[in-house]
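Enquirer: This is a predicted model, with the sequence first.
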Amino acid sequence: MSSLTDFLGTNPTVPCELLIVGGGGAGGYVGVNSNNYAGGGGGSGELIYYTSVFIQRGVTYNWSVGAGGTSTTSTNTDGSNSFFGPVIAGGGGYGGAVSGVFALITAGAGVQGLFPATGSGGGGSASNTAGGLGAGNVFATNIVDPSVFGASVSDLSGAGPNGVASNASPGGGALGTAGFDITVTGSSVTYAAGGPAGTYGGASAGSAATANRGNGGGGANGGGTVGFAGGAGGSGVIIIAYPSSYGAPSVITGTYTTPTRSGYLVYSLNSGTGTFGF
């Protein structure tokens, strides 16, 4: 077991970069006979990134990677939380949906994490006109939380936009918040992007987000009388990187990969649950 005090103990430490991303919310669905509408993009999972944190030796930390939200033609779900020890990154909110004629379903608010940001809410659906971004929570970098690490942390999340719908002609779907480029694996990867909005006239399911990025799923594309599901949100991820001179961890369980980064050992914890410790 691990607790907040484990991170401030007196055991020798290992200087690490630590990235924790919650699962992204599903894109909003378009129900049966909702042909003039489009689903909103899903909100991203919360992104928590420490560029320098000292993790204790001799302590085993539990971890879990949040799944992305899912969608059918009548239901949507938020993404799930990810956590490493006491640090929790919230899941993203699902996109606004449409059930039947003129029945708008409010977007999900996301799931509360450890810090003030939740995973961002998905964008709402729209009729005839394009709406603005969903209520994503995008927080500043360099927040200091002494109760956990006593180190600066970036706490961020991206909103999904409203669906674009038209009774007359197809409209182009707006992109979600662009996300955040992080190089913890040695290569720049974009995490925590809001999912794209659906469009009227596409008559298809929303686009699924890539796994292990925490991005929101795409909103369903309206048109016709049959329903379409929103795209699944992308699962979250936990990545730990530290100088290779400190050697391999003493314990690591669960599903993980080891990206290559010069001078560093990198462990990407990709799904399910497990343990990690030096």
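Expert: Noted; the coordinates are in hand. Residues are numbered from 1 along each chain as shown.
Enquirer: Wait, T13 touches Q56, no?
Expert: Yes: the pair T13 and Q56 passes the contact test of Cβ atoms under 8 Å, sitting 5.7 Å apart. Using the backbone N, CA and C atoms, a C-beta is placed for each residue, glycine as well.
Enquirer: Which other helices and strands does the one helix or strand I20 maps to contact?
Expert: For I20, the element it lies in under DSSP states H and E is strand 13-21. Secondary-structure packing of strand 13-21 (3 or more Cβ pairs under 8 Å, 6 or more residues apart in numbering; DSSP states H and E): strand 47-56, strand 82-84, strand 87-89, strand 237-243.
Enquirer: average pLDDT for stretch 244-263?
Expert: Stretch 244-263 shows an average pLDDT of 97 in the prediction.
Enquirer: Next: stretch 67-80.
Expert: Average pLDDT, stretch 67-80: 93.
Enquirer: Repeat that for stretch 37-44.
Expert: Taken as a whole, stretch 37-44 has a mean pLDDT of 82.
Enquirer: Dump it to PDB, restricted to CA.
Expert: Extracted in PDB, the C-alpha atoms of stretch 37-44 (Å, rounded to 0.1, in the frame of the first residue of the first chain):
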ATOM      1  CA  TYR A  37     -28.100  16.800 -35.300                       C
ATOM      2  CA  ALA A  38     -24.500  15.800 -34.500                       C
ATOM      3  CA  GLY A  39     -22.700  14.600 -31.400                       C
ATOM      4  CA  GLY A  40     -20.300  16.700 -29.400                       C
ATOM      5  CA  GLY A  41     -16.600  15.700 -29.000                       C
ATOM      6  CA  GLY A  42     -15.600  13.900 -25.800                       C
ATOM      7  CA  GLY A  43     -13.500  15.700 -23.300                       C
ATOM      8  CA  SER A  44      -9.900  14.600 -22.600                       C
END
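Enquirer: May I see the buried residues of that stretch?
Expert: Under the neighbour-count criterion of 16 or more other Cβ atoms under 10 Å, stretch 37-44 has 37-44 buried.
Enquirer: In JSON lines: the residues you listed, plus distance to Y50.
Expert: Below are the buried residues of stretch 37-44 laid out as JSON lines (distance: Cβ to Cβ, whole Å):
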{"residue": "Y37", "distance to Y50": "41"}
{"residue": "A38", "distance to Y50": "38"}
{"residue": "G39", "distance to Y50": "34"}
{"residue": "G40", "distance to Y50": "31"}
{"residue": "G41", "distance to Y50": "28"}
{"residue": "G42", "distance to Y50": "26"}
{"residue": "G43", "distance to Y50": "22"}
{"residue": "S44", "distance to Y50": "18"}
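Enquirer: that older thread, now the helices and strands packed on strand 13-21 in JSON lines, with mean neighbour count?
Expert: Shown next, in JSON lines, are the helices and strands packed on strand 13-21 (neighbours: other Cβ atoms under 10 Å):
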{"stretch": "strand 47-56", "mean neighbour count": "22"}
{"stretch": "strand 82-84", "mean neighbour count": "26"}
{"stretch": "strand 87-89", "mean neighbour count": "27"}
{"stretch": "strand 237-243", "mean neighbour count": "24"}
